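Enquirer: give me a 3D structure for the following:
(one chain, ligands or ions: 2)
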Amino acid sequence: MRYVVTGSAGFIGHHLCQALLESGVAVDGVDAFTDHYDPSLKRANAARLARYDRYRGVELDLATAEIDDVLTGADAVIHLAAQPGVRPSWADGFPVYVERNVTASQRLLEAARRTRVPRLVLASSSSVYGNATDEPTAEDAPASPFSPYGVTKLAMEHLASAYAENWGLSIVVLRYFTVYGPGQRPDMALHRFIAALAADEPVIIYGDGEQVRDLTYVADAAAAAIAAAAADVPPGTPVFNVAGGSPTTISNVLRIASEHIGRQGTVRHAPEQPGDVRATSGNIDRARRLLGWWPEVPLEEGIKRQVVHQLGEDPRSGL
Ligand code: NAD
Ligand code: UGA
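Expert: Ligands and ions are numbered 1, 2, ... in the order given. All right, here's what the predicted structure looks like:
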């Protein structure tokens with residue numbers, strides 16, 4: 001069995017590759033090592049994966065490179081490569097979102113069509129819902145993105161349906177809700193909170209801190225992709241929410257991290273950020289029913305694991 005994972009050196013990607021490799025699947029990991037955050041973190045992730053004999057790293061940019069060769073003969077392709085992050089997607093930031101989320105995905109879909117990939121799993125985002133009115137939000141709720149980032153992820157979903165319907169591709173879309181855990185992207189809230197607490201610097205909270213996120217532990221996010229790559233799913237590009245199941249406020253996330261670190265920290269409130277939704281909460285009944293997937297790591301435990309990973313074995317010592 002051989003899978004292709006795009007975005008393999010990224011946060012979710014390297015966890016997913018490791019889980020696949022540990023289960024005996026051979027993995028070709030595609031990544032362009034983009035500079036959305038320090039690429040040396042991605043190089044370190046790729047180096048850890050390269051210790052597995054069954055892993056092959058392929059450095060290429062999906063928006064421009066020839067990709068048929070790497071897809072040929074793959075049993076499944078899991079597409080995580082993207083420009084992530086909600087807040088930088090305005091203004092001059094936008095073209096790179098179009099290139100990495102729309103153009104790159106369209107080129108991958110073309111290559112998947114030509115090489116007859118049997119199953120394609122696409123990483124989409126809770127951002128496609130925008131400020132949802134129904135909570136928890138089910139997959140058939142209206143998609144109404146509140147940020148340019150969300151618009152590009154929804155464009156990818158629509159492209160996927162068009163390719164699936166016209167060319168008979170088997171595609172599954174996963175809408176991930178704010179993923180966290182060891183190796184979380186350094187631009188994300190929990191990573192920044194832990195770093196600030198450890199450095200005795202003020203924690204920046206955008207808005208009042210009462211915004212709610214349905215945080216999803218990274219190993220659970222990876223398990224959902226593995227389930228989606230092999231599951232018997234209904235025709236017609238099925239979409240699944242992948243959410244942690246314990247929506248909570250960002251202030252509470254900070255409180256839990258502070259307790260694990262043993263430091264109260266100081267909070268500086270900054271203005272609410274354009275594109276940030278007030279709350280996310282995913283109904284995961286469909287994934288439970290059709291993928292046999294549900295989240296296993298509770299929020300408190302997941303935050304503790306991220307703190308321990310980010311700060312070392314005993315986060316209370318040496319601060
Ligand atoms: P990440 O930035 O850590 O990983 C993405 C990887 O894709 C990076 O290593 C990057 O170098 C690579 N990449 C980007 N453009 C590429 C291109 N054109 N060709 C080849 N490689 C390219 O991000 P992540 O947090 O691991 O997110 C993975 C996926 O999950 C993304 O599609 C993101 O939109 C989606 N998602 C993430 C979250 C989250 O909370 N982390 C939530 C919802 C959806
Ligand atoms: C995350 C990912 O970054 C997106 O790639 C993904 O698509 C999205 O989840 C999703 O669920 O679809 P976000 O929820 O904004 O986006 O995740 P964080 O960056 O962790 O931010 C969570 C909240 O904390 C936001 O309201 C943000 O404004 C706030 N925040 C962030 C702070 O208050 N302080 C910070 O330093 C950083």
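Enquirer: need the pLDDT of E313.
Expert: E313 carries a pLDDT score of 69 in this model.
Enquirer: correction: the previous question concerned S317.
Expert: pLDDT, S317: 61.
Enquirer: mind checking the SS state of the closest residue to H191 other than its chain neighbours?
Expert: Nearest residue to H191, sequence neighbours excluded (CB to CB, 6 or more residues apart in numbering): Q184, at 4.5 Å. Placement of C-beta: from N, CA and C, glycine included. Assigned by DSSP: H, G, I helix; E, B strand; the rest coil, the conformation of Q184 is coil.
Enquirer: quick check, Q184 in contact with V218.
Expert: Yes: when contacts are counted by CB atoms under 8 Å, Q184 is listed as touching V218 (7.3 Å).
Enquirer: neighbour-wise, which of the two wins?
Expert: V218 (24 against 21; other CB atoms under 10 Å).
Enquirer: residues contacting the residue lying closest to that one once chain neighbours are set aside?
Expert: Closest residue in space to V218, ignoring its immediate chain neighbours: G181 at 3.5 Å, by CB to CB, 6+ apart. The contact partners of G181, by CB atoms under 8 Å, 6 or more residues apart in numbering, come to 15, 217-219, 297, 302, 305-306, 309.
Enquirer: picking that back up, need the residues touching each of Q184 and V218.
Expert: In contact with both Q184 and V218: F11, using CB under 8 Å, 6+ apart.
Enquirer: mind pulling the model confidence for whichever residue of the chain sits closest to ligand 1?
Expert: Minimum separation of the chain from ligand 1 (CB to the nearest ligand atom) falls at G10, amounting to 2.0 Å. Confidence at G10, expressed as pLDDT, is 98.
Enquirer: next SSE after the lengthiest helix in the chain?
Expert: Criterion DSSP state H: the longest helix present in the chain is helix 148-167. Sequence-wise, the next helix or strand downstream of helix 148-167 (DSSP states H and E) is strand 171-176.
Enquirer: what comes into contact with that next one?
Expert: Outside strand 171-176, the residues that touch it by CB under 8 Å, 6+ apart are 12, 119-126, 128-129, 139, 157, 160-161, 163-164, 216, 221, 224-225, 228-229, 231, 233, 237-242, 282.
Enquirer: now the helices: where do they sit in this structure?
Expert: 11-22, 39-49, 68-71, 94-97, 104-115, 148-167, 189-198, 218-230, 250-261, 285-286, 299-311.
Enquirer: contact partners of the fifth one?
Expert: Yep, that's helix 104-115 we're talking about. 6, 61-63, 67-68, 71-74, 77, 79, 81-82, 120, 122, 156, 159-160, 163, 167, 169.
Enquirer: rerun at 7 Å
Expert: Residues outside helix 104-115 that contact it (CB atoms under 7 Å, 6 or more residues apart in numbering) are 6, 62-63, 67-68, 71-72, 77, 79, 81, 120, 156, 159-160, 163, 167, 169.
Enquirer: please list the residues of the stretch 101-250 of the chain that sit near ligand 2.
Expert: Contact residues, the stretch 101-250 of the chain versus ligand 2 (CB under 6 Å from any ligand atom): 125-127, 176-178, 188-189, 192, 204-206, 211, 213, 250.
Enquirer: let's go with 8 Å and repeat that
Expert: By CB under 8 Å from any ligand atom, the residues of the stretch 101-250 of the chain that approach ligand 2 are 125-128, 149-150, 153, 175-180, 185, 187-193, 196, 203-207, 209, 211, 213-214, 250.
Enquirer: of those residues, keep whichever come out buried.
Expert: In terms of neighbour count (16 or more other CB atoms under 10 Å), the buried residues within those are 125-128, 149-150, 153, 175-180, 185, 188-193, 196, 203, 205, 209, 211, 213-214, 250.
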